[in-house]
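Novice: Predicted coordinates and the sequence they were generated for:
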Amino acid sequence: MSLSVWYTVPMIIDFEGEIFYWRGPAPFLFVAIPEEPSRDLKAISASVTYGWGVIPVHVRIGKTEWKTSLFPKEGRYLVPIRMSVQKSEKLGVGDNVNIHLEVN
């Protein structure tokens, strides 16, 4: 049974990743979601996207929580790291972060 058929509750993904710079959509700093959870997200994307392949999520890094949208890129999804999050958690390019995200 495919994941998109039985997806009815929030999907929770916890992972660690490195912050990198990409001159894509602002805010320019992102963390790539690992391949396996990215495949799971792709499987449910038709059920949760609001267009252009982006997926709305709730994210937490450290004590900071926010809502954003994941961007698809080269078979994976990217978590944009807002400037306010960068400042509050003292984050920059090359930092490794633990990310908790929920797809509703």
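Specialist: In hand now; what should we look at?
Novice: where does this structure have low pLDDT?
Specialist: By pLDDT under 70, the low-scoring segments of the chain are 1-9, 25.
Novice: so how far is stretch 86-99 off the chain centroid?
Specialist: Counting by C-alpha atoms, centre = their mean, to the nearest Å, stretch 86-99 is centred 14 Å from the centre of its parent chain.
Novice: Relative to M11, how far out is the residue nearest to M83 when sequence neighbours are not counted?
Specialist: Using C-beta to C-beta, 6 or more residues apart in numbering and skipping residues adjacent in sequence, the residue nearest M83 is P27, 5.3 Å away. To be clear about C-beta, it is placed using only N, CA and C from the backbone, and glycine gets the same treatment. P27 sits 24 Å away from M11, taking C-beta to C-beta, to the nearest Å as the criterion.
Novice: The two: which is more packed in?
Specialist: With other C-beta atoms under 10 Å as the criterion, P27 and M11 differ in neighbour count, and M11 comes out ahead with 18 against 14.
Novice: and the residue nearest to the more buried one when sequence neighbours are not counted, what does it touch?
Specialist: In space, not counting the residues next to it along the chain, M11 is nearest to V103; the distance is 4.3 Å by C-beta to C-beta, 6+ apart. Residues touching V103, when contacts are defined by C-beta atoms under 8 Å, 6 or more residues apart in numbering, comprise P10, M11, I13, L41, I44, V48, I55, P56, V57.
Novice: quick revisit: which ones are touching the residue nearest to M83?
Specialist: When the contact criterion is C-beta under 8 Å, 6+ apart, the partners of P27 are P80, I81, R82, M83, Q86.
Novice: Only the buried subset of those, as a ChimeraX command please.
Specialist: To isolate the buried members of the contacts of P27 in ChimeraX, using 16 or more other C-beta atoms under 10 Å:
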select :80,81,82,86
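Novice: I'd like to know which of the contacts of P27 are part of helices.
Specialist: With helices defined by DSSP state H, the entries of the contacts of P27 inside them are M83, Q86.
Novice: And the residue nearest the centre of this structure?
Specialist: When C-alpha atoms, centre = their mean is applied to the chain, the residue found nearest the centroid is V79 (3.3 Å).
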